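Asks: Give me coordinates for this.
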Amino acid sequence: MNLRKIIKYFFGDIIRSKWIVVYTAALLVFSSGIIYFSKDEQKSLLSLMNIVMYLIPLLCMIFGSVYYYNSREFIEMLLTQPVKRSSVFYGQYFSLAFTQMLGFITGIILPLLIFNFGFNSFFLMIAGTFLIFIFTGFALLISILVNDKVKGIGILIAVWLLFAVFYDGIVLFMFYYFADYPLEKATIIASTLNPVDVTRTMMMLRLDISALFGYTGATFKKYFGSSAGYYVSLFVLHMWMIIPALIARKKFNRKNF
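Replies: Numbers count the residues shown, from 1 in each chain. From the prediction side, this is the model:
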């Protein structure tokens, strides 16, 4: 059994789940309502950007983790067959990411295109796609490391809270405490350690939306400029997408089921 067949099976299994239907429908209702009632492109984009940056990572991690835990018996059976462990891992990883990306595009990007937000839709799609792959990797990594389902999901929610809620506060506190020292380079390093922050910076630099400026993002722009900063943030997001998935695959290959 090759990787293509494994992806086909997992993709078909996930796409038939009620969760994907609810996920897509909820995003479609929210995004359509925001665009229709706001009557303003920038306000709509900011509201949808908040959904993408904060809600999408949480949903990706919870669904990815729950699906992994619920499919462990099938994974154990699959590993008894003449199939590479890495193929099983990547089959599940790509299937989870692709199905959620399909729901994301249908639920958020499609309404933007209907309301003629073409240019902005493209960059929002890039941001959402990165976050989906990044946090799907986190979901599988933590689920592989933690056998207990409840504990694993609890750790994932804590990770989401750190990146989406607490991180900026921690950074601001540290920079306020060390305000007497030159902190520009430290600020840039701190911004790269949070994929949500990097995503916001990437959108800010590309679309030049001042309302998205955070402390780290403003320093990022000042240090690199708009064009160079955009490509640096793209590179950092690629690293965030690759590294957790590679670590998860390594742990999966060594895991005793």
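Asks: which residues sit against stretch 113-123?
Replies: Contact with stretch 113-123 is made by Ile35, Tyr36, Glu41, Ser44, Leu45, Ile109, Leu112, Met202, Met203, Arg206, Leu207, as judged by Cβ atoms under 8 Å, 6 or more residues apart in numbering. Bear in mind the C-beta positions are built from the backbone N, C-alpha and C, glycine included.
Asks: among those, which one has the lowest pLDDT?
Replies: Among these, Leu207 carries the lowest pLDDT, at 68.
Asks: what element comes up after the lowest-mean-pLDDT helix or strand in the chain heading to the C-terminus?
Replies: For the chain, using mean pLDDT, DSSP states H and E, the weakest element among its helices and strands is helix 215-224, scoring a mean of 64. From helix 215-224 onward toward the C-terminus, using DSSP states H and E, the following helix or strand is helix 226-254.
Asks: which strands and helices sit next to that next one?
Replies: In terms of contacts (3 or more Cβ pairs under 8 Å, 6 or more residues apart in numbering; DSSP states H and E), helix 226-254 is packed against helix 85-104, helix 118-145, helix 195-207, helix 215-224.
Asks: could these be laid out in JSON lines, adding distance to Phe30 and mean neighbour count?
Replies: Below are the helices and strands packed on helix 226-254 laid out as JSON lines (distance: least, Cβ to Cβ, whole Å; neighbours: other Cβ atoms under 10 Å):
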{"stretch": "helix 85-104", "distance to Phe30": "12", "mean neighbour count": "22"}
{"stretch": "helix 118-145", "distance to Phe30": "13", "mean neighbour count": "22"}
{"stretch": "helix 195-207", "distance to Phe30": "18", "mean neighbour count": "24"}
{"stretch": "helix 215-224", "distance to Phe30": "25", "mean neighbour count": "19"}
